[in-house]
Structure formats: C-alpha cells, structure tokens
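Trainee: Pasting the sequence and the predicted model now:
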Amino acid sequence: MLKSKTIMVIMTLSMLYSIGVGLLGPVYPIFVVNRFSASILDIGFLYALFGFIAAIFQVLAGKLADNHGRERVFFAGVMLGAICSVSYIYASDIKQLYVIELLFGVSYALQRPSMLAMMVDLSDRRSRSTVLGMFESIYTMIEAISALLATIIISQIGFETLFFICSGCQATSGFIALKYKR
C-alpha cells in the first residue's frame, strides 16, 4: 500500500517535471520560426539533435545514477535543463539553438533514467506498476494542460516568461528530489 507522503512526492515531482517540459514542447517551433526565421528543416534538425543526444547518453546517465545516486544525477539534469530553458532568451542565432538542444539532450538523458529509478524506489514490490502508472498518468495529463497554458502565456505575456517558468519548475523538481530520499 502506498503511503500518502509517497503519493504526494510522486505527484509533485511528476507535475513540476512535466510542466517544465510540457510548456516548452508545443510552442518551441513557433519560437524558432518567429525569433530566428528558421526553416521547417531547421526545426526538424533541432528536434533530431535533441533526440539523438538524449538516446546516446541515457545508458551512461543510468549508470551514473546507479553509481552516484538517482537524486543527484536527476538534480544535475534538471539544473542543466533549467539553464537551457533560460538560454533560449539569450540565443541570438540558430547556431546557438543547436548548442542549447545538444545540452538539452544531455539534460534529458540525465533526468529520465534517474526519475524512473526514483519512482521505482518510492514503491514497494507490490505497488511498483501502480507508482509508475501514477507518475506517467500525471506526467501526461499535466503535459497536455501545459500545452494549453503555454499558448496562453506566450500570447499574453511572451516567450521570455514561459522560459523562466520552465526553468523554475525544472529547478524546483530537482530540489524536491534531493530533499526526499527513501
């Protein structure tokens, strides 16, 4: 049986983590096209770079998490992600976006295996699938809500505010993960 403290940690981490990612994803192509007059091809290459880098480094990141602690590796990943989110504000050309996406791929690689391992750590053997299901459900729901929220934020306030919110959510999830150890 899951303890209420465990459920709260899972919900909080999942929500903050998914807001940090969910706000950015759906509006990123608009930002790239508007700010840098980039082509559709550039957007595809930027996404591909992120995906390939994340895929390449996830096994290494999982090993780091096993050797140095899930919370610490997750913290490093979300802090790098927080820096990357704010970096969008200061990027002045498309080449800088490629560097940011490369670093964001490393950030995601550090985060995801660590986050999943923490979710497994929060569960006992009988509730493992329930915990992972709860995490993924909250993550997906908040990511969907974040997509709507992102469009409202950029249309009313602007991209800069959105990037600061993403950065803050990522950093906060890292501090919560460090604070809560099993």
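Mentor: Nice, thanks for sending it over. All values reported here derive from a predicted model rather than from experimental measurement.

Trainee: quick one: least confident helix or strand in the chain?
Mentor: helix 4-22 (a mean of 77; mean pLDDT, DSSP states H and E).

Trainee: Output the contacting helices and strands for it.
Mentor: The contact analysis (3 or more C-beta pairs under 8 Å, 6 or more residues apart in numbering; DSSP states H and E) places helix 4-22 against helix 70-90, helix 94-121, helix 128-156, helix 159-179. C-betas here are computed from N, CA, C, even on glycine.

Trainee: Tabulate the ones you listed (CSV), appending mean pLDDT, mean neighbour count and distance to Ser39.
Mentor: Shown next, in CSV, are the helices and strands packed on helix 4-22 (pLDDT from 0 to 100; neighbours: other C-beta atoms under 10 Å; distance: least, C-beta to C-beta, whole Å):
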stretch, mean pLDDT, mean neighbour count, distance to Ser39
helix 70-90, 94, 21, 18
helix 94-121, 92, 21, 9
helix 128-156, 87, 16, 21
helix 159-179, 91, 20, 19
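
Trainee: And Ile30, how close does it get to Cys166?
Mentor: 15 Å (C-beta to C-beta, to the nearest Å).

Trainee: Now the residue nearest in space to the middle of the chain: closest residue in space that isn't a chain neighbour?
Mentor: In the chain, the residue lying closest to the centroid (C-alpha atoms, centre = their mean) is Val21, at 4.3 Å. Nearest non-adjacent residue to Val21, counting by C-beta to C-beta, 6 or more residues apart in numbering: Glu143, 6.7 Å away.

Trainee: looking at it, the one you found is touching Gly25, isn't it?
Mentor: Yes. Applying C-beta atoms under 8 Å, one finds Glu143 in contact with Gly25, separated by 7.5 Å.

Trainee: What residues does the residue nearest to Ala76 when sequence neighbours are not counted make contact with?
Mentor: Leaving aside its chain neighbours, Ala76 sits nearest to Leu110 (5.5 Å; criterion: C-beta to C-beta, 6+ apart). By C-beta atoms under 8 Å, 6 or more residues apart in numbering, the contact set of Leu110 is Phe57, Ala61, Leu64, Val73, Phe74, Ala76, Gly77, Leu80.

Trainee: Relative to Thr12, how far out is Met79?
Mentor: Applying C-beta to C-beta to Met79 and Thr12 gives a distance of 18 Å.

Trainee: check contacts around Arg128.
Mentor: Val120.

Trainee: still on that earlier bit, in the least confident helix or strand of the chain, what counts as buried?
Mentor: Under the neighbour-count criterion of 16 or more other C-beta atoms under 10 Å, helix 4-22 has 6, 9-10, 12-22 buried.
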